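*Asks:* Return a 3D structure for these sequence lines:
(4 chains)
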2 protein chains.
Amino acid sequence: MGRPRTPVLNRSRIHQAALRIVDTDGLDGLSMRKLAAELGVRAPSLYGHVASKDELLHAVANDLMEAVDISGFGTGDWLSGLRTWARSYRAALGTHPNLVPFMAYGPARRSASLRVADAVHGGLVGAGWPPRYATMIGASTKYLVIGAAMGSFSRGFEDDLQIYLDRYPNLVDAPSLREHADEIDADSFELALDSFLAGLATRYRTVVGDRSA
Amino acid sequence: MGRPRTPVLNRSRIHQAALRIVDTDGLDGLSMRKLAAELGVRAPSLYGHVASKDELLHAVANDLMEAVDISGFGTGDWLSGLRTWARSYRAALGTHPNLVPFMAYGPARRSASLRVADAVHGGLVGAGWPPRYATMIGASTKYLVIGAAMGSFSRGFEDDLQIYLDRYPNLVDAPSLREHADEIDADSFELALDSFLAGLATRYRTVVGDRSA
DNA sequence: CCCAAAACCGAACACTGTTAGGTTGTAAGG
DNA sequence: CCTTACAACCTAACAGTGTTCGGTTTTGGG
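*Replies:* So this is what the prediction gives:
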């Protein structure tokens, strides 16, 4: 009770503890009381450092977005810019899958997301894409990354899937998916990204053509 | 109090009311008490018809998945099978965007999702794709659809984005995105799907080749 | 006619995010 | 050195959550 001799809380310690709880107990497993307990404190004390649980999660999400790599757009090669962005984006989300549903919502309120959106749009327009295409390509790529991070397709098949196998003959091998879940998810993402970018490269030639022309 | 002369509740009425509340008040806006009130009943009465809130949401999600169209895989044309599947999938999710985060998680526990997964995998393998590719293509397509349904990219930019515009010069037109959000989201999805399928078609020729060969 | 089962209800439990107001320690100003 | 203001924690409380227990009333079958 009363003020401690040296401060116990600060924003970054709160962020770290919150992320740790989300990682281990899931998004629903994070409560202000549990977070406070982890920090050796009572729940109301958190509100001296954080406005609300929602704002706290936004701040944590913003921290994660700082790790996304947009340096590829500085090289003038929009294809490798997109690829670097998409891969580092997926990697950032994959490290904290429980937070993905939260991070999927719009870039506003997260300065790091705006920084990324700005770089992507600028890089694509700079490469000759019309602004409208730049918007759509940014959106499409985000779709892929968010979907891949949300889905974890192969993990969706539970152990007792055996029950359904007589009714769904094509899924006989589904249970084995779980053993190689990470590998299959990674390969699927690469396939999706490669195919998407290959299709885009084709369209680039019809939409933009040779810029020196 | 006591048993009513004619039953008030049944599963489908509960499902419908739950979906209505989720649509208007969001996923967090659905509570068992509010749902009960909407049905003219008290919360505990619901537990005679549904095991838990979680199970209820799974059932509602399953209802929605019934609308997904997999008939395209019966024609032997895997490309149009994928396209039809993806479009109807996105349409189903787009009608109830608040439920998307819930529906994104694995197909297990939802028979309708398993039916779809079975048809997709069967259709692709039947067209000559190796099973491993069929798995990855199914996953990739789901990534696109889930991502597109989650993201609503253009809606993510809030009104007060003006504040950031001096720091992010490439986003000058972002506020106007919100006015055409639906159109941009739809066009972005089509661009992503077209590009992805075009890339896949190319790969098909190298992986499968001419099947009559 | 009776009795079990069905269908609803009130009260309660442990939990949630958040606010109001209280208590103690520290640092600055006179 | 003393006082005052503020920072940093606290307890208590509120309205809300999902869910369970043990009623109470009505129905339908034997």
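
*Asks:* Give me every residue in chain A lying close to DNA strand D.
*Replies:* Chain A comes close to DNA strand D at residues A:1-4, A:7-9, A:36, A:41-45, A:48-49, as judged by C-beta under 7 Å from any atom of the strand. Where C-beta positions appear, they are placed from N, C-alpha and C, glycine not excepted.

*Asks:* Next, the buried residues of the helix or strand bottoming out on mean pLDDT in chain A.
*Replies:* In chain A, no helix or strand scores lower on mean pLDDT, DSSP states H and E than helix A:174-177, which sits at a mean of 72. For helix A:174-177, burial by neighbour count (16 or more other C-beta atoms under 10 Å in any protein chain shown) applies to A:174, A:177.

*Asks:* Pull the contacting residues for residue A:138.
*Replies:* Residue A:138 makes contact with A:117, A:120-121, A:124, B:153, according to C-beta atoms under 8 Å, 6 or more residues apart in numbering or on different chains.

*Asks:* Can you list which of the residues you listed are found in helices?
*Replies:* Cross-referencing those against helices under DSSP state H gives A:117, A:120-121, A:124.

*Asks:* Tabulate these (CSV), appending pLDDT and neighbour count.
*Replies:* Formatted as CSV, those follow (pLDDT from 0 to 100; neighbours: other C-beta atoms under 10 Å in any protein chain shown):
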residue, pLDDT, neighbour count
A:117, 92, 27
A:120, 96, 26
A:121, 94, 24
A:124, 97, 24
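
*Asks:* Can you tell me which of those comes closest to chain B?
*Replies:* For those, the closest approach to chain B (C-beta to the nearest C-beta) belongs to residue A:121, at 4.4 Å.

*Asks:* Relative to residue A:117, how far out is the residue nearest to the closest one when sequence neighbours are not counted?
*Replies:* Excluding the flanking residues, the one nearest residue A:121 by C-beta to C-beta, 6 or more residues apart in numbering or on different chains is residue B:170, at 4.4 Å. Distance from residue B:170 to residue A:117, counting by C-beta to C-beta, to the nearest Å: 8 Å.

*Asks:* With residue A:190 instead?
*Replies:* Distance, residue A:190 to residue A:117, by C-beta to C-beta: 24 Å.

*Asks:* swap in residue A:129?
*Replies:* Distance of residue A:129 to residue A:117, given as C-beta to C-beta: 15 Å.

*Asks:* Check residue A:79 too.
*Replies:* Noted for residue A:79: a distance of 19 Å to residue A:117, by C-beta to C-beta.

*Asks:* Same question for residue A:131.
*Replies:* For residue A:131, the distance to residue A:117 equals 13 Å [C-beta to C-beta].

*Asks:* Over to residue A:184?
*Replies:* To residue A:117, residue A:184 is 30 Å away according to C-beta to C-beta.

*Asks:* Kindly report the same for residue A:188.
*Replies:* Computed as C-beta to C-beta, the residue A:188 to residue A:117 distance reads 25 Å.

*Asks:* swap in residue A:136?
*Replies:* Distance, residue A:136 to residue A:117, by C-beta to C-beta: 13 Å.

*Asks:* Point out where chain A drops to low pLDDT.
*Replies:* Applying pLDDT under 70 to chain A flags residues A:106, A:108, A:152-167, A:175, A:178, A:210-213.

*Asks:* Recalculate using a threshold of 50.
*Replies:* A:153-154, A:159, A:213 (pLDDT under 50).

*Asks:* center of it - which residue?
*Replies:* Centrality entry for chain A: nearest residue to the mean C-alpha point is residue A:93, 3.4 Å, by C-alpha atoms, centre = their mean.

*Asks:* Identify the residue spatially nearest to that residue, adjacent ones excluded.
*Replies:* Nearest residue to residue A:93, sequence neighbours excluded (C-beta to C-beta, 6+ apart): residue A:149, at 3.7 Å.

*Asks:* In contact with the one you found, which residues are there?
*Replies:* The contact partners of residue A:149, taken as C-beta under 8 Å, 6+ apart, are A:90, A:93-94, A:97, A:100.

*Asks:* and it, what element?
*Replies:* Assigned by DSSP states H and E, residue A:149 falls within helix A:131-151.

*Asks:* what about the lengthiest helix in chain A and chain B, touching?
*Replies:* The longest helix of chain A (DSSP H) is helix A:181-207. Yes. Residues of helix A:181-207 contacting chain B under C-beta under 8 Å from any C-beta of the partner chain: A:184-185, A:187-189, A:191-192, A:194-200, A:202-203.

*Asks:* Is it possible to mark the buried ones in these?
*Replies:* Among those, those that count as buried by neighbour count (16+ other C-beta under 10 Å) are A:184-185, A:187-189, A:191-192, A:194-200, A:203.
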